[in-house]
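>>> Sequence and computational prediction follow.
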Amino acid sequence: MEIQPVDHLVAAVLTGDRGRVEVLLGRDRDLGHSRNMFGVAPIHAAHFSGRPDLVAMLRRPDHADNFYLSAELGELETVEVAVATDRSLVTGCDRSGATALHGACYWGQTSVAELLVREGADVCVPTTDAFLQIAPLGSAIATTPGVPQPSDSEETVLALVKLLLAKGADPNHRRRDGMTALHTAAWRGLAAVARKLVEAGADIGASAASGPHTGESPAASALSQGHLVLASDLDPERPDA
């Protein structure tokens, strides 16, 4: 796996190396909005590490996906104003095929997610990308490696899961590879989230259909990361069940 320029820029932001940021942006002005394989842009790193000066350096005011970025960064007032002006933004997609609700959920932005749901965002629609095709519920539980942010907190994830389930999200929606939200909760060791999903009807016997996790159950996902208690709780073949 080769380190990309965007990864170097994220690293420069996280270490607060303004000079290096300037050099990398001088080579590619759009790099601040570019995303790595985990969906992390340098602007995310700047925002969540508390560097508004770097956010200002990195942001392109005319960028096509600025509305979706505002949802991800929790800029509630900006999202409110934009939606009031153009309601199609609630159901529209960014260039990657994700709605603003997907982005708000992925980055743990509960207030923005609540606003979007009130305004009619679809809690079941999957992304239109060719990679995951994930629903907002899956986005809410997914992790974002390398950049500390709100969805690191299980409490935040649980609040989003409760919101989406209350509005009709399918606890058994499968990503393109067959993984469910319960698989992700199990992999992260989010026991309270996993319990909520099971209470809502999530299938503990679901198995991935393709990719590196082929045949893997939620219990196996938990076990692979050393979450032994959760793995035992989710095992449909528990000898004492």
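Happy to help now that I have it.

>>> Any idea how many residues pack against Leu31?
20 (other Cβ atoms under 10 Å). (Each C-beta comes from the backbone N, C-alpha and C, glycine too.)

>>> and what of the one 10 residues further on?
The tally of other residues near Ala41 (other Cβ under 10 Å) stands at 24.

>>> Which residue is the nearest non-sequential neighbour of it?
Excluding its sequence neighbours, the residue lying closest to Ala41 (Cβ to Cβ, 6 or more residues apart in numbering) is Arg35, at 4.8 Å.

>>> okay but that neighbour is in contact with Val6, surely?
Yes - the pair Arg35 / Val6 is scored as a contact, 6.8 Å apart, by Cβ atoms under 8 Å.

>>> shared neighbours of those two, which are they?
Ala41 (Cβ atoms under 8 Å, 6 or more residues apart in numbering).

>>> okay, these two: which has more neighbours?
Neighbour tally, Arg35 and Val6, criterion other Cβ under 10 Å: the higher count belongs to Val6, 20 against 17.

>>> mind listing what the residue nearest to the spatial centre of the chain touches?
Centroid check for the chain by Cα atoms, centre = their mean gives Tyr106 as the closest residue, at 2.1 Å. Neighbouring residues of Tyr106 by Cβ under 8 Å, 6+ apart: 39, 72, 98, 139-140, 142, 144, 151.

>>> Put together a markdown table for these, with secondary structure, distance to His227 and pLDDT on each row.
Putting the contacts of Tyr106 into a markdown table (DSSP: H, G, I helix; E, B strand; the rest coil; distance: Cβ to Cβ, whole Å; pLDDT from 0 to 100) gives the following:
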| residue | secondary structure | distance to His227 | pLDDT |
| --- | --- | --- | --- |
| Gly39 | coil | 24 | 91 |
| Glu72 | helix | 28 | 98 |
| Ala98 | coil | 28 | 97 |
| Ser139 | helix | 21 | 97 |
| Ala140 | helix | 19 | 98 |
| Ala142 | coil | 16 | 95 |
| Thr144 | coil | 19 | 86 |
| Ser151 | helix | 18 | 95 |
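
>>> Among these, which one is most surrounded by other residues?
Neighbour max across the contacts of Tyr106 (other Cβ under 10 Å) = Ala140, 33 neighbours.
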